[in-house]
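Student: Structure here, sequence nowhere to be found:
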């Protein structure tokens, strides 16, 4: 059974994170699908002449957008975590920024590689509290989780990185399990699914 780990050691609780929980983005947005994002990529490529090198040209032309994990609104754009293949890479996750213009999606390559905003501390706290409330264990662990379901506090979410192989976003969190618990630093993984952030089960 997975344990909640931190840099201060292994805490005596199991969050049972396999029951992924999510909180919706407040304002619904129109999300592009894989075909629309690939079309936007083709239009962006068409703005510049293809390289004369045949191998480089073949690699560009082979790129495909296979899936869209989710998108987050950022300043009038959508920053989407997508699965791409092509060239020598297969099913790699990356972030692409898009906006809707004249009825079509337009790519913004200046934001290639930027991460969408991670869950806020309040959002991460809500996800972790909900998961703690769903956990079913026994003994002292149950008492700890009962308190965590209403008292767990997240002070900061920082240093986030995208895992290119699975599309999850790993962030460092400052949190307290409950009011009487010491401040703890731990790494947690989130996944953007549609418009929702989910907390991912640790390895």
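Tutor: Yep, that arrived. Nothing here was measured: the structure is a model prediction, and the numbers come from that model. Numbers count the residues shown, from 1 in each chain.
Student: can you give me the helices for the protein?
Tutor: With DSSP state H applied, the chain shows helices at 34-46, 54-62, 121-134, 140-151, listed in chain order.
Student: closest one to residue 91 among those helices?
Tutor: Among the helices of the chain, helix 34-46 comes nearest to residue 91, with 12.3 Å by Cβ to Cβ. (Glycine included, C-beta is placed from N, CA and C.)
Student: Could you give me the buried positions within stretch 147-161?
Tutor: 147, 148, 149, 152, 153, 154, 157, 160 (16 or more other Cβ atoms under 10 Å).
Student: Would you mind measuring from the second one to residue 129?
Tutor: If I follow you right, that is residue 148. Here the distance between residue 148 and residue 129 works out to 7 Å (Cβ to Cβ, to the nearest Å).
Student: what does the domain assignment say about the chain?
Tutor: 5-25+117-199, 34-111 (automatic domain parsing).
Student: so which of the buried residues of stretch 147-161 comes closest to residue 116?
Tutor: Distances from residue 116 to these, taken as Cβ to Cβ, are shortest for residue 160 (9.4 Å).
Student: Chain neighbours aside, what residue packs nearest to that closest one?
Tutor: residue 171 (4.1 Å; Cβ to Cβ, 6 or more residues apart in numbering).
Student: That neighbour contacts residue 188, correct?
Tutor: Yes - with contact defined as Cβ atoms under 8 Å, residue 171 counts as touching residue 188 (6.1 Å).
Student: Between those two, tell me which one has more neighbours.
Tutor: In this view residue 171 and residue 188 are compared by other Cβ atoms under 10 Å, and residue 188 has more residues nearby, 27 against 20.
Student: Provide a list of residues in contact with the closest residue in space to the more buried one that isn't next to it in sequence.
Tutor: Here the nearest residue to residue 188 in space, its sequence neighbours aside, is residue 173; by Cβ to Cβ, 6+ apart that works out to 5.4 Å. Residue 173 makes contacts with 124, 154, 156, 157, 185, 186, 187, 188, as judged by Cβ atoms under 8 Å, 6 or more residues apart in numbering.
Student: Quick check: bridge partners of residue 173?
Tutor: Listed beta-bridge partners, residue 173: residue 157, residue 186 (assigned using DSSP bridges).
Student: Return the distance of it relative to residue 128.
Tutor: Using Cβ to Cβ, residue 173 is found at 8 Å from residue 128.
Student: overlap in contacts of those two?
Tutor: When contacts are counted by Cβ under 8 Å, 6+ apart, residue 173 and residue 128 have 154, 188 as shared neighbours.
Student: what's the neighbour count on the nearest residue to residue 158 once chain neighbours are set aside?
Tutor: Beyond its immediate neighbours in the sequence, the residue positioned closest to residue 158 (Cβ to Cβ, 6+ apart) is residue 172, lying 5.4 Å away. When neighbours are counted by other Cβ under 10 Å, residue 172 registers 15.
Student: In this model residue 184 seems to touch residue 172, though I could be wrong.
Tutor: No - at 10.9 Å, residue 172 does not count as touching residue 184 under the criterion of Cβ under 8 Å.
Student: weakest of the domains of the chain in terms of mean pLDDT?
Tutor: Across these, domain 5-25+117-199 has the smallest mean pLDDT, namely a mean of 78.
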